[in-house]
Each structure stands twice: as structure tokens, then as C-alpha cells.
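A.B. asks: Using only what follows, build the 3D model:
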Amino acid sequence: VAGLGNYGLRGTRHSVGMEVLDQLARQLAVAEGWRVDKRCCADVALATAHGLELVLLKPRRFMNLNGLSVASAADIYSLGPGDIYLVHDDLDKALGKVAIKLGGSARGHNGVQSCISALQSNEMTRLRIGIGRP
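C.D. replies: Here you go, the predicted structure:
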């Protein structure tokens, strides 16, 4: 589960994917387990939920390079694109609205496009978090 965003700009609406992962880590009682993984240039926490082992990932790169971290982590943890969930902001959705999308285009989202390019696939599931337009 990768929370897309701009690592150095936490708390901004474009980094909502990382905020969602922080909340998920708290709910799964692994919030204290975040560690820097230099191999994929990301903060990583491991968790278990409903019998599934999860890798929570917050890339330490700017949004348009998030895919490099996601692809590196996929290699490290032997994950295919279909195993990856991207959590990211969506300007076209009203603030707080949530939608799930399986595959397809990036719809102009630079972080998603970076993941599609780095993984050479668009098969990732996306949790789109509405941030609305200013």
C-alpha cells in the first residue's frame, strides 16, 4: 500500500496519500514501526490485517518520482502490479469523497503516472481521495 505525495511537503492536500497511510499504520498498531529503507528510498512499515501481510510505503521523493520507490519496493518484496494499492489525491473529487479504481490511465496525476512508468503496468488498484479544487 503506497501513499503517494511530496515527502518534504507533508500536510498539504497533494500529500493526502501519506496522511492516509499514517492513519492506517495507527489503526494497525504499527505507527511506531516506520523505518527508512534506503533500498527503495521510502519509509516502510510492515503490518498484518485479516491474515494478509502488508507493506506500507511512503516514498521519500517528490510526487513525480514516487514510482521509482514503488517499483523498487515491488522488487524487494516480490510484488507484482496487481498486488499494489496506490493511495493518492484526486482534484476531480469533492473534498473527502473516496473512490476505488482498478487500473486504467493516470488521469493526469503525476504520481500515478510515475508508478505506471516505473512498473510498466497500469494494473495497480487506486484509492482516490478527493481534495477538490481550490
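A.B. asks: Report pLDDT for residue 4.
C.D. replies: For residue 4, the model assigns a pLDDT of 96.
A.B. asks: swap that for residue 53, please
C.D. replies: 95.
A.B. asks: so what's it up against?
C.D. replies: Counting by Cβ atoms under 8 Å, 6 or more residues apart in numbering, residue 53 makes contact with 46-47. The C-beta positions use only the backbone N, C-alpha and C, and glycine is treated the same way.
A.B. asks: my guess is it is in a helix, correct?
C.D. replies: No - applying DSSP: H, G, I helix; E, B strand; the rest coil, one finds residue 53 to be strand, outside a helix.
A.B. asks: Stretch 94-113 - what's its average pLDDT?
C.D. replies: On average, the pLDDT along stretch 94-113 is 94.
A.B. asks: distance between that stretch and the chain's centre?
C.D. replies: Between the centre of stretch 94-113 and the centre of its chain there are 11 Å (Cα atoms, centre = their mean, to the nearest Å).
A.B. asks: Show residues contacting that stretch.
C.D. replies: 4-5, 17, 63-64, 66-67, 86, 88-90, 92-93, 116, 122-132.
A.B. asks: Give me the distance between the two termini of that stretch.
C.D. replies: 22 Å (Cα to Cα, to the nearest Å).
A.B. asks: Output stretch 31-38 in CSV with nothing but the alpha carbons.
C.D. replies: Presented in CSV, the C-alpha positions along stretch 31-38 are these (Å, rounded to 0.1, in the frame of the first residue of the first chain):
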residue,chain,number,x,y,z
ALA,A,31,2.7,3.6,13.7
GLU,A,32,5.9,3.2,15.8
GLY,A,33,7.3,0.7,13.2
TRP,A,34,8.1,3.1,10.4
ARG,A,35,11.7,2.8,9.3
VAL,A,36,13.7,4.3,6.4
ASP,A,37,14.5,1.8,3.7
LYS,A,38,17.3,3.2,1.6
